[in-house]
Every structure is written in structure tokens, then in C-alpha cells.
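Student: coords please:
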Amino acid sequence: MTLEGIAEAAITIADADGLDAVSMQRVAGDLSFTKMALYRYVPGKAELVAVMTDQAIGLPPEHPGLAWREALQAWATDLFAAFEKHPWLLHSTVGRRVLGPNELTWMDRGVQALAGSGLHGGEQLDSLAVVAGHVRTIAEQSLTMPGGTTGSTEEDITSALVEVLSTEAERFPALATALQSIDGNQNQGLTFGLQRIFDGLEVLITARTSAPAGSQPA
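Tutor: Model prediction:
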């Protein structure tokens, strides 16, 4: 028995049945140990979830040599892939909790993409929060949770709207018109949103780097 082995057993349970299914008793049973034996390695479920979260998210992939925009795009895509692999991370990475070294490395790598951009530290962190929030929103909408809700792609949502509006177009005219102009490129919400976020950051970064010395654009 090792801490890593205990976390791996808990991750297997969470992947199959969701985070709520993880308990000290069940993990101990899957490892053929008593629950009391686990307490020699981890004091309780909260600490277990912290360890399994950090182990599951792992270290972020490296993408050296990219400009800030491409670096943040790669970071966001990798984060979505982590949520896709372990959807329960969407639940375990919210609220007050202990941050492990792997998760802190993700944050460091994201902020690193904006180093030298002209944004100060607080703006770099806020920018990363906006990007991560968009990734999380799309993941929560589209991913199927183990033992829980089934995700819906943009194509699923569009199909449902088309079905409703086939008889209710006059009641929702703007929505009906928008649906008629869809070009078939569905499931692009993640990329579309990221590019619009980056467009906004680029405006700020350009203003900041081109401003005269001593001035600070709003």
C-alpha cells in the first residue's frame, strides 16, 4: 500500500461511478485492506480527494516556443482534455481546498504564457481565470459525468431547438432566424469562445505595450 496506490484506486472508482462514490471504506475494500489501514496514509476523504485530484490532473503538457495566444490556446485545450479524461475533476477543483503541486504547475504554466505580455501579475491571473472558466463551462455542458448527467453537444442542443421551432418559429422569431443561418460548424463553442477572449486580451496587450512610458491604459 502506498499513497499513490490509494489515490489510483480512488481515481478508478471516481472514473466509473463519480466522486460521490469515493469513500475510505470503498477504497479500502477495493485494495483488500481495512479502512483503518488507510488512515496511516491519508487522514480522511477530503485529503484523499486532494491527492487523487492532483494525481489525476497530472502535469500539463509542454509547448515550448509558442507566442502567448497559441500558448494559452494549447493550455486551454489540454485542460479540457484533462476534464474529458476525468470529468469528476470539475467537482473536485472548486471551493476552498488544498492545491497540489501538479495543479499549481498548471497555473504556473498558464501565467507563464502571459509573462512579458505587458500585463501585470493580477491581470495575468485574472486572464487565466477567464480562460479556465470558459473551458469549465463548456466541459460542464458537454461531458458525461460518471454515474450522473449526460452531456449535450452543441449539435444535440441545435437539433432539439430545430425540433421545437419547427412548430414554434413565430413565437421565437430571432432564434428561428439564427438557426437558419447555422453553417453546420457546430461544437465549436470552446474554440470560438477562446478566440474571442484572446481578441480582448490582444486589444489590452497592444494598448499596454504601445502606450507612452509612464501612462497606463484602462
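
Student: Can you pull up the most central residue in this structure?
Tutor: R136 (4.0 Å; C-alpha atoms, centre = their mean).

Student: contacting residues around that one?
Tutor: Contacts for R136 were tallied using C-beta atoms under 8 Å, 6 or more residues apart in numbering; they are 83, 90. In short, each C-beta sits where N, CA and C put it, glycine included.

Student: residues of the helix or strand hosting I197 that come out buried?
Tutor: Per DSSP states H and E, I197 falls inside helix 189-210. Buried residues in helix 189-210, defined by neighbour count with 16 or more other C-beta atoms under 10 Å: 189-190, 193-194, 197-198, 201, 204-205, 208.

Student: Quick one: list the elements packing against it.
Tutor: helix 68-85, helix 121-142 (3 or more C-beta pairs under 8 Å, 6 or more residues apart in numbering; DSSP states H and E).

Student: can you redo those helices as CSV with mean pLDDT and distance to L99?
Tutor: Formatted as CSV, the helices and strands packed on helix 189-210 follow (pLDDT from 0 to 100; distance: least, C-beta to C-beta, whole Å):
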stretch, mean pLDDT, distance to L99
helix 68-85, 96, 15
helix 121-142, 94, 13
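
Student: Indicate which one of those helices is closest to Q55.
Tutor: If you check each of the helices and strands packed on helix 189-210 against Q55 by C-beta to C-beta, helix 68-85 wins as the nearest, at 11.8 Å.
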